[in-house]
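K.L.:
Sequence and predicted structure, then a few things I'm wondering about:
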Amino acid sequence: MNTSIPYLLALFCAPFAVSWLLTLILIRWSPRLGLVDQPNERKVHTQPTPRGGGLAIYISLALTALAFRSAVDRDFGVALALGLGIVLLGLVDDLRPLPWQVRLGLQTLAACVAVAFLSGASPLLVKVLAVIWIASLVNAFNMLDNMDALSAGVAWIAAAMFWLAAVVREQSLALDNALPFLIFLGSLSGFLWFNRPPARIFMGDAGSTFLGFYLGLASLRGIFGGESLVPAWLAPVCILAVAWYDLTSVVVLRLWQGRSPFHADKQHLSHRLAGLCLSSRAAVCVIYLLALASGFAGLALLQVTIHGAVFVGLQLGCMWLAVAALEYARHFRPRPVPATIKSSGRPTDLPSVSSAKPGANPDGTG
């Protein structure tokens with residue numbers, strides 16, 4: 001296999017160029033195809049925006065895989081083949097929203113087929129957990145796609161971490177397992193060129209669900225290969241922690257409120273950070289930092305013993321608990337005392353709670 005630096009650059013630049021060009025074309029053609037995301041009360045954008053970018057990501061991956069066949073393996077081929085079904089399902093949902101039961105059922109079916117092809121002689125429990133893992137990440141990255149460059153950016157960081165993980169394990173830039181991630185990074189970069197704020201195009205469900213499917217499947221390579229617990233199981237959890245945290249917190253909130261976990265709203269991590277007086281761009285940058293911190297923790301797991309892994313896990317757990325505490329602290333502030341008594345015994349001129357404006361909370365939170 002060609003392992004030269006120019007060859008590795010070609011693996012990144014070729015999908016980047018194809019994705020960039022296709023995304024530019026789709027910005028013009030998506031409205032004619034009916035692929036337009038209309039603004040509403042639960043969305044951040046205020047102007048109708050094309051959402052065909054997921055097609056550019058997938059097509060650029062497929063064309064690059066055909067052009068550089070020696071750089072991809074059977075696992076990548078299976079991911080692309082079954083990923084086509086995920087993309088088409090998302091495309092149909094972009095054009096005409098499908099019931100969540102249909103979407104989840106077909107996504108789970110694709111995950112089952114993928115696991116059947118790639119899991120080998122893995123135990124049944126591992127296969128079941130793998131299906132849940134993939135189907136959950138498909139929906140996690142779909143739910144995460146709620147601000148400009150958020151879902152695609154988090155996926156880019158995760159793919160970069162998986163690429164680095166493959167390099168760290170073998171100390172070789174030409175490792176077979178790392179090359180597909182390099183192609184994936186190029187495709188995402190071409191799309192992100194136009195998806196950065198203010199976004200000129202979205203990737204739609206066709207793109208976000210495919211990102212989750214590919215990363216979910218690719219992250220299981222070590223597990224299916226029979227690797228030990230720490231690198232194979234815990235490192236992917238750390239690298240994909242942002243997607244899991246957002247999915248888990250949103251599902252818990254919706255169930256707590258007596259609503260369907262698939263009922264779209266503005267309670268995602270990005271929305272909650274924006275509720276802390278951050279701009280949308282600042283909220284996305286904070287999530288990028290969280291993804292980087294969690295990703296590097298995952299890389300650290302590849303270099304430590306089981307005892308070191310415990311400390312890395314505790315550190316990461318404390319970080320996410322701190323994030324949760326900051327998110328929800330404003331909901332548990334003590335109510336202000338309506339009036340205080342001076343030493344003279346007279347109340348101050350502070351207004352009472354009853355004199356506040358109708359509809360306003362006395363603590364000033366909205």
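P.N.:
Yes, it's here. Numbers count the residues shown, from 1 in each chain.
K.L.:
Select the helix or strand of this protein having the lowest average pLDDT value.
P.N.:
Here the helix or strand of the chain ranked lowest by mean pLDDT, DSSP states H and E is helix 229, holding a mean of 59.
K.L.:
next structured bit after it?
P.N.:
helix 235-239 (DSSP states H and E).
K.L.:
and that next one, C-alpha only, in PDB?
P.N.:
Extracted C-alpha coordinates of helix 235-239, given in PDB (Å, rounded to 0.1, in the frame of the first residue of the first chain):
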ATOM      1  CA  ALA A 235     -12.600   4.800  24.600                       C
ATOM      2  CA  PRO A 236     -15.500   5.100  22.100                       C
ATOM      3  CA  VAL A 237     -17.800   6.100  25.000                       C
ATOM      4  CA  CYS A 238     -15.400   9.000  25.900                       C
ATOM      5  CA  ILE A 239     -14.900  10.100  22.200                       C
END
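K.L.:
List the buried residues for it?
P.N.:
235-239 (16 or more other Cβ atoms under 10 Å). Every residue, glycine included, has its C-beta placed from N, CA and C.
K.L.:
Please apply the same query to stretch 8-25.
P.N.:
8, 10-12, 14-16, 18-20, 22-24.
K.L.:
Using JSON lines, lay out the residues you listed together with distance to residue 128.
P.N.:
JSON lines is the format used below for the buried residues of stretch 8-25 (distance: Cβ to Cβ, whole Å):
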{"residue": "8", "distance to residue 128": "37"}
{"residue": "10", "distance to residue 128": "40"}
{"residue": "11", "distance to residue 128": "34"}
{"residue": "12", "distance to residue 128": "36"}
{"residue": "14", "distance to residue 128": "38"}
{"residue": "15", "distance to residue 128": "33"}
{"residue": "16", "distance to residue 128": "37"}
{"residue": "18", "distance to residue 128": "37"}
{"residue": "19", "distance to residue 128": "35"}
{"residue": "20", "distance to residue 128": "40"}
{"residue": "22", "distance to residue 128": "37"}
{"residue": "23", "distance to residue 128": "37"}
{"residue": "24", "distance to residue 128": "42"}
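K.L.:
can I get those residues in JSON lines with pLDDT?
P.N.:
Rendered in JSON lines, the data for the buried residues of stretch 8-25 read as follows (pLDDT from 0 to 100):
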{"residue": "8", "pLDDT": "88"}
{"residue": "10", "pLDDT": "93"}
{"residue": "11", "pLDDT": "94"}
{"residue": "12", "pLDDT": "96"}
{"residue": "14", "pLDDT": "97"}
{"residue": "15", "pLDDT": "97"}
{"residue": "16", "pLDDT": "98"}
{"residue": "18", "pLDDT": "97"}
{"residue": "19", "pLDDT": "98"}
{"residue": "20", "pLDDT": "98"}
{"residue": "22", "pLDDT": "97"}
{"residue": "23", "pLDDT": "97"}
{"residue": "24", "pLDDT": "96"}
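K.L.:
Just put these in CSV and tack on secondary structure.
P.N.:
Output for those, formatted as CSV (DSSP: H, G, I helix; E, B strand; the rest coil):
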residue, secondary structure
8, helix
10, helix
11, helix
12, helix
14, helix
15, helix
16, helix
18, helix
19, helix
20, helix
22, helix
23, helix
24, helix
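K.L.:
so which of these would you say is closest to residue 72?
P.N.:
Among the buried residues of stretch 8-25, residue 11 lies closest to residue 72 (Cβ to Cβ), at 9.6 Å.
K.L.:
I'd guessed that closest one sits against residue 182; true?
P.N.:
Yes. Using Cβ atoms under 8 Å, residue 11 makes contact with residue 182 at a distance of 4.8 Å.
K.L.:
count of neighbours near residue 108?
P.N.:
Each residue near residue 108 was counted by other Cβ atoms under 10 Å, and the total is 16.
K.L.:
Give me the secondary structure label for it.
P.N.:
Put simply, residue 108 is helix when judged by three-state DSSP.
K.L.:
Identify the residue nearest it in space, chain neighbours excluded?
P.N.:
Residue nearest to residue 108 in three dimensions, not counting chain neighbours: residue 135, with 4.7 Å by Cβ to Cβ, 6 or more residues apart in numbering.
K.L.:
Now that neighbour: which helix or strand?
P.N.:
Element membership for residue 135 (DSSP H and E) is helix 124-144.
K.L.:
I'd like to know which elements that helix is packed against.
P.N.:
Contacts defined by 3 or more Cβ pairs under 8 Å, 6 or more residues apart in numbering; DSSP states H and E place helix 124-144 against helix 100-118, helix 150-170, helix 204-218, helix 221-224, helix 241-256.
K.L.:
do that again at 7 Å, thanks
P.N.:
The elements that helix 124-144 packs onto, with contact taken as 3 or more Cβ pairs under 7 Å, 6 or more residues apart in numbering; DSSP states H and E, are helix 100-118, helix 150-170, helix 204-218, helix 241-256.
K.L.:
Can you give the distance of it from its chain's centre?
P.N.:
13 Å (Cα atoms, centre = their mean, to the nearest Å).
K.L.:
quick one: buried residues of it?
P.N.:
Of the residues in helix 124-144, those with enough neighbours to count as buried (16+ other Cβ under 10 Å) are 126-127, 129-131, 133-144.
K.L.:
For the buried residues of helix 235-239, give me CSV that also has distance to residue 28 and pLDDT.
P.N.:
Shown next, in CSV, are those (distance: Cβ to Cβ, whole Å; pLDDT from 0 to 100):
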residue, distance to residue 28, pLDDT
235, 41, 89
236, 38, 92
237, 40, 92
238, 40, 93
239, 35, 95
